[in-house]
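Undergrad: Model the following, please.
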Amino acid sequence: MQFQIKEQNSVVVISPQGAFEGDRDDKGFQEIINQNIAQGKTIFLVNFSGVPRMNELGLGLLLGAYRKTTARSVYMVFCNFNKAITQMLERTKLNTFFKCFDSEAEALAELQKCI
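TA: Down below sits the predicted model:
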């Protein structure tokens, strides 16, 4: 799995590319978050437009990262989940736990209110 990272108006935007299935490569996701937190970054947007699928292990990895960030007073939101991932979030009721947006622009607009 590859990760594209950019910063836009004090928001770290992480865009995973490829299947998010909780394997060894996906663990780089938590490392990226930890490195940015160590640099003082506190607002993250994870854009899933490049993720065609996510399994239960990937969902567990995402949930673990989210819980660790909120415990550190770090704000994390998500955007561009495809239909299959959205349905998985709905089945597990995590769609009520995560803050999800339809687009990166919509998420960034909302995040600007936090800055």
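Undergrad: wait, what's in contact with the most centrally placed residue in the chain?
TA: Centroid-nearest residue in the chain: residue 46, 3.2 Å away (criterion: CA atoms, centre = their mean). Counting by CB atoms under 8 Å, 6 or more residues apart in numbering, residue 46 makes contact with 13, 14, 15, 16, 62, 76, 77, 78, 79. C-beta: built from backbone N, CA, C; applies to glycine.
Undergrad: Find the least confident helix or strand in this structure, judged by mean pLDDT.
TA: None of the helices or strands of the chain scores lower by mean pLDDT, DSSP states H and E than helix 56-71, at a mean of 88.
Undergrad: what packs against that helix?
TA: Using 3 or more CB pairs under 8 Å, 6 or more residues apart in numbering; DSSP states H and E, the elements in contact with helix 56-71 are helix 28-38, strand 75-79.
Undergrad: Look up how far residue 92 lies from the closest residue to residue 69 other than its chain neighbours.
TA: Spatial nearest neighbour of residue 69, excluding adjacent residues (CB to CB, 6 or more residues apart in numbering): residue 76 at 4.8 Å. To residue 92, residue 76 is 17 Å away according to CB to CB, to the nearest Å.
Undergrad: who has more neighbours, those two?
TA: Applying other CB atoms under 10 Å to residue 76 and residue 92 shows that residue 76 carries more neighbours, namely 21 against 13.
Undergrad: Specify the beta-bridge partners of that one.
TA: Beta bridges link residue 76 to residue 44 when assigned by DSSP bridges.
Undergrad: measure it to residue 111 for me?
TA: Distance from residue 76 to residue 111, by CB to CB: 10 Å.
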